[in-house]
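Trainee: Fold the following for me, if possible:
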Amino acid sequence: MKVSLAALCLAAMPTIALADEVWNSSLGEITYLADVGSTAIFSVGDGFRIYIEGLGGQYYQNSGTYSGYWIDNGPGSCPQTVTAPDGWSSLNWGNVQLTFDPNGFQRSYTMRLNYCRETTWTTQTYAQPRY
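Mentor: You can find the predicted model right below:
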């Protein structure tokens, strides 16, 4: 029984991503922090996180487009609070679309962002792996 309980506890914990997975971008350094289920969690500095749904655990995925959202721990004015799977919560958030660059350097991508539930993308950044 103890083995089963330990396995269950480990399965429920966030998975630590590849610690050396860091990209340079116009937003700053983007770091792959962890996975919570199928959601990959990235950070930009200390107060900005990006959550990409369906990318968690796909460490060798180099193609496709993924959707998600970002949360900033600074003050915001979105009409509702968003809470992420790792507990981060804020009124300062927006949507994200991450598209791997099929012709770029391995695991490079373009990320588009907007604010709250805007329908137009207001920010775009190209991220290239830092080695």
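Trainee: need the helix or strand of the chain with the lowest average pLDDT.
Mentor: helix 2-12 (a mean of 36; mean pLDDT, DSSP states H and E).
Trainee: Quote the end-to-end distance of stretch 77-96.
Mentor: For stretch 77-96, the first-to-last residue distance is 18 Å (C-alpha to C-alpha, to the nearest Å).
Trainee: And the contacts of the host helix or strand of residue 69?
Mentor: For residue 69, the host element (DSSP states H and E) is strand 65-72. Strand 65-72 is contacted from outside by 39-40, 47-55, 82, 84, 88-90, 92-100, 113, using C-beta atoms under 8 Å, 6 or more residues apart in numbering. Yep, even glycine has a C-beta here, placed from its N, CA and C like the rest.
Trainee: Now list the buried members of those residues.
Mentor: 39-40, 48-52, 54-55, 82, 84, 88, 90, 92-98, 100, 113 (16 or more other C-beta atoms under 10 Å).
Trainee: After the strand holding residue 69, which helix or strand is next?
Mentor: strand 82-83.
Trainee: strand partners of the next helix or strand after that following strand, parallel vs antiparallel please.
Mentor: Downstream of strand 82-83, the next assigned helix or strand under DSSP H and E is strand 89-90. Take DSSP bridges as the rule and strand 89-90 pairs in its sheet with strand 82-83 (antiparallel).
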